[in-house]
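*Asks:* What shape does this take:
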Amino acid sequence: QVRLVESGGGLVQPGGSLRLSCAAPTNSFSFHMVDWYRQTSSQNERELIAGVTTGGLPQYAASVEGRFTISGDYDRNTCFLQMDSLKPEDTAVYYCRLRLLGEAPAYELLDLWGQGTLVNVSS
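*Replies:* Residues are numbered from 1 along each chain as shown. I've put the predicted structure just below:
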């Protein structure tokens, strides 16, 4: 069974940086796409803030564009979200959603969610 492990949250002052990571070690599935979501205590739903698909360009929500950057070691199914110039309104639980593609002929699609990691931007 493939598991997704997410890490990197914590407390940071406004203007600071954090890097989140998520990884799903497996040799049976390959990277297909990753999305990053966040949810504040006042929201009922998770907000999609960034994502990238194999062969595509990263896409960002307006609220984070220019400050957050997606990257990864996709051959190892490991993804990162670099967060710079953090603001108090970025405080939220952040979730990684990683979709992996299995081998031929089935090409099974795995849809994995991280457990969430808290980012607290406060002075």
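*Asks:* from here on, contacts and neighbour counts on C-alpha atoms
*Replies:* Noted.
*Asks:* Identify the bridge partners of Arg38.
*Replies:* For Arg38, the beta-bridge partners under DSSP bridges are Glu47, Tyr94.
*Asks:* show me the contacts for it.
*Replies:* Neighbour list for Arg38: 46-49, 92-95 [criterion: C-alpha atoms under 8 Å, 6 or more residues apart in numbering].
*Asks:* what's the answer for Tyr37, then?
*Replies:* 46-50, 94-97.
*Asks:* of the residues you listed, buried ones?
*Replies:* 48-50, 94-97 (16 or more other C-alpha atoms under 10 Å).
*Asks:* Switch those over to JSON lines, and while doing so, append pLDDT and distance to Ser63 to every line.
*Replies:* As requested, those are exported to JSON lines (pLDDT from 0 to 100; distance: C-alpha to C-alpha, whole Å):
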{"residue": "Leu48", "pLDDT": "98", "distance to Ser63": "10"}
{"residue": "Ile49", "pLDDT": "98", "distance to Ser63": "8"}
{"residue": "Ala50", "pLDDT": "97", "distance to Ser63": "10"}
{"residue": "Tyr94", "pLDDT": "97", "distance to Ser63": "14"}
{"residue": "Tyr95", "pLDDT": "97", "distance to Ser63": "16"}
{"residue": "Cys96", "pLDDT": "97", "distance to Ser63": "17"}
{"residue": "Arg97", "pLDDT": "97", "distance to Ser63": "19"}
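*Asks:* Quick one: list the elements packing against the helix or strand that Cys22 is a member of.
*Replies:* If you go by DSSP states H and E, Cys22 is part of strand 18-23. Applying 3 or more C-alpha pairs under 8 Å, 6 or more residues apart in numbering; DSSP states H and E, one finds that strand 18-23 contacts strand 5-7, strand 78-83.
*Asks:* Would you check how far apart the residue of the chain positioned farthest from its centre and Val2 are?
*Replies:* Among residues of the chain, the one most distant from the C-alpha centroid is Pro105; the distance is 28.6 Å, by C-alpha atoms, centre = their mean. Going from Pro105 to Val2 by C-alpha to C-alpha, to the nearest Å gives 19 Å.
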